[in-house]
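> What would the 3D arrangement of this be:
(4 chains)
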Protein chains: 4
Amino acid sequence: MSASRLEAFSDGVFAIAATLLILDVRTGAGRLGSSLVHIWPSYAAYAVSFVTIGIIWVNHHTVFAQIERVDRLFLLTNVVFLMLVAFIPFPTGLIAAHVRGGDLGPADLAYGVTLTMTAVLFNALWFYAALGNRLLRPGADARVVSGISRSFLPGPFIYLTATLVSLASATASVALFAVIAFFYVIESSLFGRASGGSGEA
Amino acid sequence: MSASRLEAFSDGVFAIAATLLILDVRTGAGRLGSSLVHIWPSYAAYAVSFVTIGIIWVNHHTVFAQIERVDRLFLLTNVVFLMLVAFIPFPTGLIAAHVRGGDLGPADLAYGVTLTMTAVLFNALWFYAALGNRLLRPGADARVVSGISRSFLPGPFIYLTATLVSLASATASVALFAVIAFFYVIESSLFGRASGGSGEA
Amino acid sequence: MSASRLEAFSDGVFAIAATLLILDVRTGAGRLGSSLVHIWPSYAAYAVSFVTIGIIWVNHHTVFAQIERVDRLFLLTNVVFLMLVAFIPFPTGLIAAHVRGGDLGPADLAYGVTLTMTAVLFNALWFYAALGNRLLRPGADARVVSGISRSFLPGPFIYLTATLVSLASATASVALFAVIAFFYVIESSLFGRASGGSGEA
Amino acid sequence: MSASRLEAFSDGVFAIAATLLILDVRTGAGRLGSSLVHIWPSYAAYAVSFVTIGIIWVNHHTVFAQIERVDRLFLLTNVVFLMLVAFIPFPTGLIAAHVRGGDLGPADLAYGVTLTMTAVLFNALWFYAALGNRLLRPGADARVVSGISRSFLPGPFIYLTATLVSLASATASVALFAVIAFFYVIESSLFGRASGGSGEA
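Here you go, the predicted structure:
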């Protein structure tokens, strides 16, 4: 299988997972006007998760820009990775539904575990391809490759930290996830810079 | 990342967002025959939003036909733009559900704000690429570029006006959104002519 | 816009509309075993509509195989055509839900009107491109083109007939839609032969 | 129609069917924390079906890597095959919902019948293309082709066996489906090795 076909399939899952997020934005009972204001956490959760999936998508392309071929283990790692990406709408909906009330903790924990595992799998994908130049294209620049590696590594730890914060304060943890997404939009440094060096994607 | 890959991903979000609109067409209680007639606002809302997304999709291609490369800020603007496009099914469902009863106002406001923001982001996308020829392809014709600019600019103002009309009359505002969609199908001038000059897309 | 990009976007809508059909297959209350048997009309409706969308998709490619370019009117006709294709899951769900009980008539009428309009728009799409060779590729074989025209023309009339039968007997009409789908799988002659002449697609 | 366009359309259905699986992961009533633990069968069902669709997708590409052209019967077989793939979310949801309680048997039977039929259609697709080199590309290696044939053939029998086990014990059958998915991730031998010979995909 060519890398470009795998990339196109992955893009499909990214696009669908992001677009399905809207199905969890729902108004409740009562007057529509106040309900639309009351569900603002749904909008925030939608935006944070949409942007997060967008960031992951950008970084997924960074990986593929360095890859020449794929082997079976890479392929299966990518399937498990996509399985986690497609899972994101579920805990996103939980957070939106439980920002108010006493059950934000478990919702936040589910969200954090999902994103941490996604970041772990993403790193597994990259380092499997990059170690020993296993799947990289011949002309891959060593400095670009190590720059990508450095920028991807912190992801799991950052998400794990935000997840652990939920044990102390679920609200703080949720806010942290929003800050992380916003920060990566600005710095694009969680999963790594898209081009691993220059300012362009 | 190549512009064509970004365009393909965007097309995926457009296609999914438009197709998901059907999930908000639902019959209510009572005899099916009269229910199918009674929910005609659902059909109208489905058609108006499907065509609106179609028009945005056409104009998105107009932008990409002039672009040679993308940078990180363009990429992130496009993600936020797609986030708004994928949001359209939510207020569309609200309008369909509340055309009757006293809550059309907030539904219409939500619809108008979503479309106005979408038009703003769309203009941001275009002008970021076009100002100073930042991302345009070398052979881009200056007259075509300024023709596109002129045709995209009115969009946010037209949608803002229709949104503000809802403060006076929600019904008039809803009708205006339908007229705008119909008008753009005819004139294709809200987000700009697809080819920025000729009669062909 | 190139014809191939329009075709790829259309393929996305076809794939999503067909796959969304599964959301209307649902078990009811009671023991699962008997419920799974009881909802057999859902399976039949799923299969008939999936195959129908598949046939339309095949014939959509037949059109595009003869086309060199697209203009704005063709583009907009295609958007309206896709709007109807994406609508198919709604009346499909109605038929599945109302095969038993007194409301099959309206459900069947909704299904028939949707398919008839889809077939009309499909013919509009083809004849707009084909008349006077407006959008055809230079090497288009006149005999192939007129063969396609002959094979597409009966579609609206066949669906209209099946729709009108529902006024006499909804059950007969539903059975007729299933027979039509089965027949087109066999003969591929409703919307036309995929290759307009040879036995290959 | 070119084989690559058919492949792209099929990829769309695979990606959507896999991503829609998340819609069947839902929490029940009661405290969120315990509910999230209680619905672990939903996670397992999600993972098993996502990976199963991923495996089928990989093997679908194995078929297309050997094919040069498609004819109408191949096309229609592929539509019916995709119809079965897109059906998988339904019995997956049934299993997740009925792991507890007395109705796992019918859910498991529905799941098994769906996968067995999918495997049968997949074999039909391959052998229709491969027998007498009907649709294979000129340079297809006879040993690779027969290697693929050998690796695909057991699929229907393995799934049929797991399905029949459900008549004795639904729990054992469900566990068997999970084991099969896990085994194919490891061995990639149910539907065949992706490359029909080497260790690479």
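
> Close to chain D: what parts of chain A are there?
A:1, A:5, A:8-9, A:12-13, A:16-17, A:20, A:23, A:69-72, A:74-76, A:79-80, A:82-83, A:86-87, A:89-90, A:94, A:98, A:103, A:105-107, A:110 (CB under 8 Å from any CB of the partner chain). C-betas here are computed from N, CA, C, even on glycine.

> Filter those down to just the buried residues.
A:1, A:5, A:8-9, A:12-13, A:16-17, A:20, A:70-72, A:74-76, A:79-80, A:82-83, A:86-87, A:89-90, A:94, A:98, A:103, A:105-107, A:110 (16 or more other CB atoms under 10 Å in any protein chain shown).

> ok now the strand or helix carrying residue A:91, how far from the chain's centre?
Using DSSP states H and E, residue A:91 sits in helix A:89-98. On the basis of CA atoms, centre = their mean, to the nearest Å, helix A:89-98 sits 15 Å off its chain's mean C-alpha point.

> Output the strand or helix carrying residue A:76 as CSV - backbone C-alpha positions only.
Using DSSP H and E, the element containing residue A:76 is helix A:72-85. What follows is helix A:72-85, C-alpha atoms only, in CSV (Å, rounded to 0.1, in the frame of the first residue of the first chain):
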residue,chain,number,x,y,z
ARG,A,72,2.4,-3.7,8.1
LEU,A,73,3.2,-2.7,11.6
PHE,A,74,3.1,0.9,10.7
LEU,A,75,-0.2,0.3,9.0
LEU,A,76,-1.7,-1.4,12.1
THR,A,77,-0.3,1.3,14.5
ASN,A,78,-2.1,3.8,12.3
VAL,A,79,-5.4,1.9,12.5
VAL,A,80,-5.2,1.9,16.3
PHE,A,81,-4.2,5.6,16.2
LEU,A,82,-7.2,6.4,14.1
MET,A,83,-9.4,4.3,16.4
LEU,A,84,-8.4,6.7,19.2
VAL,A,85,-9.0,9.8,17.1
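
> Which strands and helices lie in contact with it?
Counting contacts by 3 or more CB pairs under 8 Å, 6 or more residues apart in numbering or on different chains; DSSP states H and E, helix A:72-85 packs against helix A:3-20, helix A:104-130, helix D:40-65.

> Would you mind saying which of those lies nearest residue B:41?
With CB to CB, the closest approach to residue B:41 among the helices and strands packed on helix A:72-85 belongs to helix A:3-20: 23.7 Å.

> Run the contact check for the closest one versus chain B.
Yes - remark: helix A:3-20 sits within contact range of chain B at A:7-8, A:11-12, A:14-16, A:18-20, by CB under 8 Å from any CB.

> could these go into JSON lines alongside pLDDT?
Converted to JSON lines, the residues of helix A:3-20 next to chain B look like this (pLDDT from 0 to 100):
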{"residue": "A:7", "pLDDT": "88"}
{"residue": "A:8", "pLDDT": "87"}
{"residue": "A:11", "pLDDT": "92"}
{"residue": "A:12", "pLDDT": "93"}
{"residue": "A:14", "pLDDT": "96"}
{"residue": "A:15", "pLDDT": "95"}
{"residue": "A:16", "pLDDT": "95"}
{"residue": "A:18", "pLDDT": "96"}
{"residue": "A:19", "pLDDT": "95"}
{"residue": "A:20", "pLDDT": "95"}
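
> so residue A:39 makes contact with residue A:30?
No - using CB atoms under 8 Å, residue A:39 is not in contact with residue A:30; the gap is 10.7 Å.

> Looking at these two, which one has more neighbours?
residue A:39 (18 against 10; other CB atoms under 10 Å in any protein chain shown).

> for the helix or strand bottoming out on mean pLDDT in chain A, packing partners?
Every helix and strand in chain A was compared by mean pLDDT, DSSP states H and E; the lowest is helix A:170-187, with a mean of 88. If contacts are counted by 3+ CB pairs under 8 Å, 6+ apart, helix A:170-187 sits against helix A:40-65, helix A:104-130, helix A:154-168.

> and stretch A:25-42, how far out from the chain's middle?
27 Å.

> Buried residues, it. List them.
Within stretch A:25-42, the residues scored as buried using 16+ other CB under 10 Å are A:25, A:27, A:32, A:35-36, A:39, A:41-42.

> Among the residues you listed, find me the one that's closest to chain C.
Nearest to chain C, judged by CB to the nearest CB, of those is residue A:25 at 17.6 Å.

> ok, now how distant is the closest one from residue B:114?
11 Å (CB to CB, to the nearest Å).

> Quickly list what's touching both of these two.
B:87, B:90 (CB atoms under 8 Å, 6 or more residues apart in numbering or on different chains).

> Just send the helices and strands packed on helix A:72-85 back as CSV, with distance to residue B:160 too.
What follows is the helices and strands packed on helix A:72-85, written out as CSV (distance: least, CB to CB, whole Å):
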stretch, distance to residue B:160
helix A:3-20, 26
helix A:104-130, 35
helix D:40-65, 43
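
> Tell me who's in contact with the residue located most distally from the centre of chain A.
Seen from the C-alpha centroid of chain A, the residue lying at the greatest distance (CA atoms, centre = their mean) is residue A:31, 35.0 Å away. Neighbouring residues of residue A:31 by CB under 8 Å, 6+ apart: B:103, B:106.

> if we can go back for a sec, select, out of the helices and strands packed on helix A:72-85, the one closest to chain C.
Comparing these by CB to the nearest CB, helix A:3-20 comes nearest, at 8.2 Å.

> quick one: the helix holding residue A:76 to helix A:104-130, angle?
Helix A:72-85 runs at 160 degrees relative to helix A:104-130, counting by axes from the mean of the first three to the mean of the last three CA atoms, to 10 degrees.

> phi, psi of the residue nearest to residue A:32 when sequence neighbours are not counted?
Counting by CB to CB, 6 or more residues apart in numbering or on different chains, residue A:32 lies nearest to residue B:103, which is 3.8 Å off, once chain neighbours are set aside. Per-residue torsions, residue B:103: phi -110, psi 20 (degrees, to the nearest 10).

> which residues does residue B:103 contact?
Applying CB under 8 Å, 6+ apart to residue B:103 gives the contacts A:31-33.

> Low-confidence ranges, chain A, go.
A:1, A:188-201 (pLDDT under 70).

> what helix or strand is residue A:26 on?
Per DSSP H and E, there is no helix or strand for residue A:26.

> wouldn't it be in contact with residue A:42 here?
Yes - using CB under 8 Å, residue A:26 is in contact with residue A:42, at 7.3 Å.

> circling back to that earlier point, can I get the residues of helix A:3-20 next to chain B in a markdown table including distance to residue D:159?
Shown next, in a markdown table, are the residues of helix A:3-20 next to chain B (distance: CB to CB, whole Å):
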| residue | distance to residue D:159 |
| --- | --- |
| A:7 | 30 |
| A:8 | 28 |
| A:11 | 30 |
| A:12 | 26 |
| A:14 | 30 |
| A:15 | 31 |
| A:16 | 26 |
| A:18 | 33 |
| A:19 | 32 |
| A:20 | 29 |
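
> returning to that earlier point: just give me how far the helix holding residue A:76 sits from the chain centre.
On CA atoms, centre = their mean, the centre of helix A:72-85 falls 14 Å from that of its chain.

> Also stretch A:39-46?
18 Å.

> How about it and chain B, touching?
Yes - if you take CB under 8 Å from any CB as the test, stretch A:39-46 does meet chain B, through residue A:46.

> Residues contacting that stretch, please?
A:21-22, A:24-28, A:92-93, A:95-96, A:99-100, A:178, B:83, B:87.

> Show me the contacts of residue B:103 that map onto strands.
Among these, no member falls in strands (criterion: DSSP state E).

> List just the nearest of the residues you listed to residue B:48.
Out of the contacts of residue B:103, the member with the shortest distance to residue B:48 (by CB to CB) is residue A:32, at 19.2 Å.

> ok, the closest one to chain D distance?
25 Å (CB to the nearest CB, to the nearest Å).

> Then residue A:50?
Note on residue A:50: its distance to chain D, by CB to the nearest CB, is 15 Å.

> follow-up on the earlier one: would you mind giving the helices and strands packed on helix A:170-187 as TSV with distance to residue D:123 added?
Converted to TSV, these look like this (distance: least, CB to CB, whole Å):
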stretch	distance to residue D:123
helix A:40-65	32
helix A:104-130	31
helix A:154-168	41
